[in-house]
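**Student:** please work out how this folds:
(one chain, ligands or ions: 2)
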Amino acid sequence: MLIDSHAHLEMPEFKKDLEAVIQRAEESGVEYIFTVGTEKKDWRKALEIANSHPSIYAILGVHPHNAKEIDEETYPVLEELCQNEKVRAFGEIGLDFFRSLSPRDIQLKKFREQIGLAKELRLPIVVHDREAHRETMEILKSEKAEECGGIIHCFSGNYEMAEVCIEMGFYISIPGSITFKSAEGFREIVKKIPLESLLVETDAPFLTPEPFRGKRNEPSYVRYTAQKVAEIKNVSFEKVAEVTTENALRVYKLKV
Ligand SMILES: [Zn+2]
Ligand SMILES: [Zn+2]
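**Tutor:** Ligands and ions are numbered 1, 2, ... in the order given. Predicted coordinates:
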């Protein structure tokens, strides 16, 4: 049993064959998928997919790319949708200084605001941090993100950053890029992070692991990521599956 802790099933890439994608995931042992609606037009769709599949849950929030689109209606709509019990976390929120599709000052402000909103909603947060490690950590600390905890998704920081995040009650989620030939440095970091703090994710349709790199990613491929984590840590695939599943169930509060 595996959990894909982060995918985007509501994206147009899955429009044609969503049911087949979900079925393949089930057949390859993926018990639950957490689909992340990153902007207003996707929230209801993500929730609809979750509501019509027992194995799928939703995560809603405004991605840093879309931070500039936040207006006075955004938070009330999110507050209402997040009352649905299928919504298990708030996100993905954070900073993306790689693409900087929203101005940086707006990203910083909206990241802070959304941590506050998640705390009000009593939901853990899913953090997106791309080339903004220092600012991400500053905001997590100053906004007391340990009060909600959550997940650093597609983790790309160093070991010291992982340690601080774990101390604050965060899990570290590993994407398919860990299978890339060029990811030697990343594998060294993951080797040192305790399995008890790790999740695995696809971020589908993005970041497709080897041996399918270049193709569309989908939740059934999360096993290639889990397999790589097992190799790196020199433990069995079953052990990685078991512990990362327990971790995901705990952070998303599906089990006490
Ligand atoms: Zn992301
Ligand atoms: Zn994502």
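**Student:** secondary structure element for the closest residue to ligand 1 within the chain?
**Tutor:** Per CB to the ion, His128 is where the chain lies closest to ligand 1, at 3.5 Å. Where you see a C-beta, it was placed from the backbone N, CA and C, and this is true even at glycine. According to DSSP states H and E, His128 maps onto strand 125-130.
**Student:** what does Phe90 give?
**Tutor:** Applying DSSP H and E, one finds Phe90 within strand 87-96.
**Student:** following that strand, which helix or strand comes up?
**Tutor:** Defined by DSSP H and E, the subsequent element after strand 87-96 is helix 104-121.
**Student:** anything in that next one near ligand 1?
**Tutor:** No: on the criterion CB under 5 Å from the ion, helix 104-121 is out of touch with ligand 1, staying 12.7 Å away.
**Student:** renumber starting at 36 from here on
**Tutor:** Right, with 36 as the first residue, what we last looked at is helix 139-156.
**Student:** report the angle between that helix and strand 122-131.
**Tutor:** 160 degrees (axes from the mean of the first three to the mean of the last three CA atoms, to 10 degrees).
**Student:** helix 139-156 packs against which elements?
**Tutor:** helix 109-116, strand 122-131, strand 160-165, helix 168-177 (3 or more CB pairs under 8 Å, 6 or more residues apart in numbering; DSSP states H and E).
**Student:** JSON lines for those, including mean neighbour count, distance to Arg79 and mean pLDDT?
**Tutor:** Output for the helices and strands packed on helix 139-156, formatted as JSON lines (neighbours: other CB atoms under 10 Å; distance: least, CB to CB, whole Å; pLDDT from 0 to 100):
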{"stretch": "helix 109-116", "mean neighbour count": "15", "distance to Arg79": "7", "mean pLDDT": "98"}
{"stretch": "strand 122-131", "mean neighbour count": "25", "distance to Arg79": "12", "mean pLDDT": "98"}
{"stretch": "strand 160-165", "mean neighbour count": "26", "distance to Arg79": "18", "mean pLDDT": "98"}
{"stretch": "helix 168-177", "mean neighbour count": "17", "distance to Arg79": "28", "mean pLDDT": "98"}
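**Student:** list the contacts of the residue of the chain closest to ligand 1.
**Tutor:** By CB atoms under 8 Å, 6 or more residues apart in numbering, the residues touching His163 are His98, Pro99, Gly126, Glu127, Ile128, Gly129, Leu130, Asp131, His188, Cys189.
**Student:** likewise Glu231?
**Tutor:** Taking CB under 8 Å, 6+ apart, one finds Val278, Asn282 in contact with Glu231.
**Student:** and it, its phi and psi?
**Tutor:** Main-chain torsions, Glu231, degrees, to the nearest 10: phi -70, psi -10.
**Student:** how near is the residue of the chain most remote from its centre to Gly211?
**Tutor:** Largest separation from the mean C-alpha position in the chain: Glu107, at 25.9 Å (CA atoms, centre = their mean). The gap separating Glu107 from Gly211 is 38 Å, by CB to CB, to the nearest Å.
**Student:** also Glu253?
**Tutor:** Taken as CB to CB, the span from Glu253 to Gly211 is 11 Å.
**Student:** re the thing from before, quick one: distance of the strand holding Phe125 to the chain centre.
**Tutor:** Here the centre of strand 122-131 is set off from its chain's centre by 8 Å, with CA atoms, centre = their mean, to the nearest Å.
**Student:** what about the closest residue to Ile38 other than its chain neighbours, neighbour count?
**Tutor:** Take Ile38 and drop its neighbours on the chain: the residue closest to it by CB to CB, 6 or more residues apart in numbering is Ala283, 4.1 Å away. Neighbours of Ala283 under the rule other CB atoms under 10 Å: 28.
**Student:** what about Lys288, how many residues close to it?
**Tutor:** 12.
**Student:** for it, give me its contacts.
**Tutor:** Counted by CB under 8 Å, 6+ apart, Lys288 has contacts Arg123, Pro159.
**Student:** so what's the backbone phi/psi at it?
**Tutor:** phi 50, psi 50.
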